[in-house]
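J.: here's my sequence, what's the structure:
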Amino acid sequence: MPYTSAIRQTDRASNRRCLRQTPILTAAVLGAATVTFRHVACGDDVNQSRTTYYAELYIYPIVVAGLLLYELADSGLALHPRWFVAAACGAILWTLAEYLVHRFLYHEAPVLKDLHGMHHARPSDLVGAPIGVSAVIFCSWFFLVARVSDVEIASGSASGLILGYVLYLTVHDAVHRWPLSEDSWLRKHRLRHLRHHRDPKPGNFGVTTSFWDHVFGTAIVPKRARPQDA
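T.: Modelled structure (predicted):
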């Protein structure tokens, strides 16, 4: 076999191995970025219809219920501590992911920063990525964890992530669109998020919780009213 042909075959085999070893999550992130770039760079209208914008709030709870029922199928209502612990860990992990994505991708990454800037400019518009983007990411997480651990941990952690994401969508929609009374527990979330939108200092990147803003020093604390002179 000629030397150059042998080199080409070796390179192709090496590329195939690299593709097999590449985490599925990488493909999901690249796919999400591609979808976003296509819409923003081409000047497409990124406003969604009410049906597509709120689809995740209706579909994902059904997905989580399905994952839980699948887990309970073999043993009825017996407790599954590994599944529930994994779900709790997934929900906690979501709060960190929410903070990091909002701070470093939505406010610093090219293209995504422009898309998020549209939300800041028109917060009442239904601006956002389609459900297919989040679905690819959650499915990728499920298969990645199932590969390195097992299906029970993958199902539980994915359910926790999804529930955290649904809570984020609900709170974010509430702070921008819901009429809230003075004593609503969501009011403090609204005030904190409004400071994120209006304060010249970047901060308050957490939507469902301010915990990570305090950990990383990005919490915007409202200035106390100065006492009036006597």
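J.: lowest-confidence helix or strand of this structure?
T.: Lowest by mean pLDDT, DSSP states H and E among the helices and strands of the chain is helix 3-21, with a mean of 39.
J.: in the helix ranked longest in the chain, what counts as buried?
T.: The longest helix of the chain (DSSP state H) is helix 151-177. Under the neighbour-count criterion of 16 or more other Cβ atoms under 10 Å, helix 151-177 has 152-169, 171-172, 174-175 buried. Where you see a C-beta, it was placed from the backbone N, CA and C, and this is true even at glycine.
J.: pLDDT below threshold where in the protein?
T.: Residue ranges of the chain with pLDDT under 70: 1-46, 74-77, 224-230.
J.: ok, which stretches of it are helices?
T.: 3-21, 24-41, 50-53, 55-72, 81-100, 112-121, 131-148, 151-177, 187-198, 211-215.
J.: contacting residues around the third one?
T.: Helix 50-53 is touched from outside by 126, 128, 130-131, with contacts defined as Cβ atoms under 8 Å, 6 or more residues apart in numbering.
J.: among the residues you listed, which ones are buried?
T.: So, by 16+ other Cβ under 10 Å, the buried ones in those are 126, 128, 130-131.
J.: now distance to Asn47 too, for those residues, in CSV please.
T.: Below are the buried ones among the contacts of helix 50-53 laid out as CSV (distance: Cβ to Cβ, whole Å):
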residue, distance to Asn47
Leu126, 5
Gly128, 9
Pro130, 12
Ile131, 15
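J.: and of the residues you listed, the nearest to Asp213?
T.: Closest approach to Asp213 among these (Cβ to Cβ): Gly128, at 22.0 Å.
J.: can you tell me how far that closest one is from Ala88?
T.: Distance, Gly128 to Ala88, by Cβ to Cβ, to the nearest Å: 27 Å.
J.: between the helices of the chain, which one is nearest to Lys223?
T.: helix 187-198 (10.4 Å).
J.: that closest one - contacts with which helices or strands?
T.: Taking 3 or more Cβ pairs under 8 Å, 6 or more residues apart in numbering; DSSP states H and E as contact, the helices and strands that helix 187-198 lies on are helix 151-177.
J.: by contact count, what packs against the helix it packs on?
T.: Against helix 151-177 (3+ Cβ pairs under 8 Å, 6+ apart) you get helix 55-72, helix 81-100, helix 131-148, helix 187-198.
J.: how far off centre is the last one?
T.: What it means is helix 187-198. Centroid displacement of helix 187-198 relative to its chain, using Cα atoms, centre = their mean, to the nearest Å, is 19 Å.
J.: just the angle between it and helix 151-177, please?
T.: Here the directions of helix 187-198 and helix 151-177 differ by 80 degrees (axes from the mean of the first three to the mean of the last three Cα atoms, to 10 degrees).
J.: give me the contacts around helix 187-198.
T.: By Cβ under 8 Å, 6+ apart, helix 187-198 touches 120, 123, 171-172, 174-176, 180-181, 203-205, 207-208, 210, 220, 222.
J.: what do you get if the cut-off is 6 Å, keeping everything else the same?
T.: 171, 175, 180, 204, 220 (Cβ atoms under 6 Å, 6 or more residues apart in numbering).
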